[in-house]
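S.K.: please work out how this folds:
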Amino acid sequence: MDDNFSLTMNISGHPEHADGTSAREAILGAARAFVQRDAGKHTDGHDWPHIERVTALAVELAHRMGADPFVCELAALLHDVPDEKLNESLEAGMNKLNDWLDQQQLEPGTREAVVNIISTISYAGGQRPAVSSLEAQVVQDADRLDAMGAIGIARTFAFAGARGREMYDPSLPPREQMTLEEYRNGRSTTINHFYEKLFKLKDLMNTSYGKELAEQRHAFMVEFVEQFKREWEGTDR
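M.R.: Numbering: from 1, shown residues only. You can find the predicted model right below:
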């Protein structure tokens with residue numbers, strides 16, 4: 001342990017730094033600083049504002065649903081760190097995450113819960129089974145909600161532009177079935193992505209409040225795509 005690291009116990013029994021800052025608050029502060037540096041280089045919708053929105057919603061959902069707010073907040077802050085889309089590989093991303101976690105004074109059970117959440121909430125082409133823990137359900141809902149609605153539309157086009165993906169090709173239909181490799185690297189368009197992923201999210205929400213928000217955001221996306229196609233085809237005039 002670092003010689004400068006000093007903990008006492010506060011009245012509630014939780015570890016506390018000598019300066020009065022709780023250990024959990026210190027870890028969350030360190031996570032924010034770490035992720036803000038890491039996400040600052042992304043301009044494809046996986047930026048720091050995305051992390052802030054997902055984290056705020058995850059904390060709100062945690063309180064509404066009775067989940068552990070600390071686990072949800074920490075997992076939400078760190079959820080994009082190992083993302084294979086943002087790293088050389090999933091292994092490189094997980095190494096980056098684990099290197100940071102190794103420096104934190106986390107209870108083994110808390111660390112395991114956070115890593116499990118981050119490892120299982122990705123959409124991954126719809127190939128993964130449903131998550132089981134309430135905390136994973138909360139963070140997954142928060143992340144998926146940020147892929148929906150007006151913000152979701154903006155992020156989708158930002159990501160597509162950063163990857164050189166075309167907006168729309170009426171001759172290229174959305175893919176009904178695909179492997180993870182096809183989902184990641186196969187040819188598609190930005191508008192097709194709504195059918196291949198975003199329109200499916202409403203029915204994949206876990207929490208009651210997540211489902212409520214998803215209904216509103218889903219309806220907005222449907223109207224957007226319909227208007228987009230009308231303007232593309234020139235039938236709006």
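S.K.: who's in contact with residue 193?
M.R.: 156, 160 (C-beta atoms under 8 Å, 6 or more residues apart in numbering). Every C-beta, even on glycine, is put in place using the N, C-alpha and C of the backbone.
S.K.: now the helix or strand where it lies - C-alpha only, CSV.
M.R.: Element membership for residue 193, per DSSP states H and E: helix 190-196. The C-alpha coordinates for helix 190-196 follow below in CSV (Å, rounded to 0.1, in the frame of the first residue of the first chain):
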residue,chain,number,x,y,z
THR,A,190,-26.2,4.7,-40.8
ILE,A,191,-29.9,4.4,-41.5
ASN,A,192,-29.7,0.6,-41.5
HIS,A,193,-28.1,0.8,-38.0
PHE,A,194,-31.4,2.0,-36.7
TYR,A,195,-33.1,-1.3,-37.9
GLU,A,196,-30.1,-3.5,-37.0
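S.K.: what's in contact with stretch 111-126?
M.R.: 68, 71, 74-75, 78-79, 81-83, 94, 97-98, 101, 104, 106, 128, 131, 133, 135-136, 139-140, 143-144, 178-180, 182-184, 197, 200-201.
S.K.: buried members of the residues you listed into ChimeraX, please.
M.R.: Remark: buried members of those, expressed as a ChimeraX selection using 16 or more other C-beta atoms under 10 Å:
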select :68,71,74,75,78,79,81,82,94,97,101,104,106,131,135,136,139,140,143,144,178,183,197,201
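S.K.: how about the most centrally placed residue in the chain: what's its closest non-neighbour residue?
M.R.: Computing the C-alpha centroid of the chain and ranking residues by C-alpha atoms, centre = their mean puts residue 143 first, at 3.6 Å. In this structure, residue 143 finds its nearest non-sequential neighbour in residue 54, 5.2 Å apart by C-beta to C-beta, 6 or more residues apart in numbering.
S.K.: how many residues are close by residue 192?
M.R.: Using other C-beta atoms under 10 Å, residue 192 has 19 neighbouring residues.
S.K.: what's it in contact with, if anything?
M.R.: 168, 172, 173, 174, 175.
S.K.: and the residues you listed as CSV, adding distance to residue 157?
M.R.: Output for the contacts of residue 192, formatted as CSV (distance: C-beta to C-beta, whole Å):
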residue, distance to residue 157
168, 11
172, 17
173, 20
174, 17
175, 19
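S.K.: in contact with residue 48, which residues?
M.R.: Residue 48 sits in contact with 35, 36, 39, 40, where contact means C-beta under 8 Å, 6+ apart.
S.K.: report the buried members of the residues you listed.
M.R.: 35, 39.
S.K.: out of the contacts of residue 48, list just those in strands.
M.R.: Under the assignment DSSP state E, the contacts of residue 48 contribute nothing to strands.
S.K.: the residue nearest to residue 143 belongs to a helix?
M.R.: Yes - according to DSSP: H, G, I helix; E, B strand; the rest coil, residue 54 belongs to a helix.
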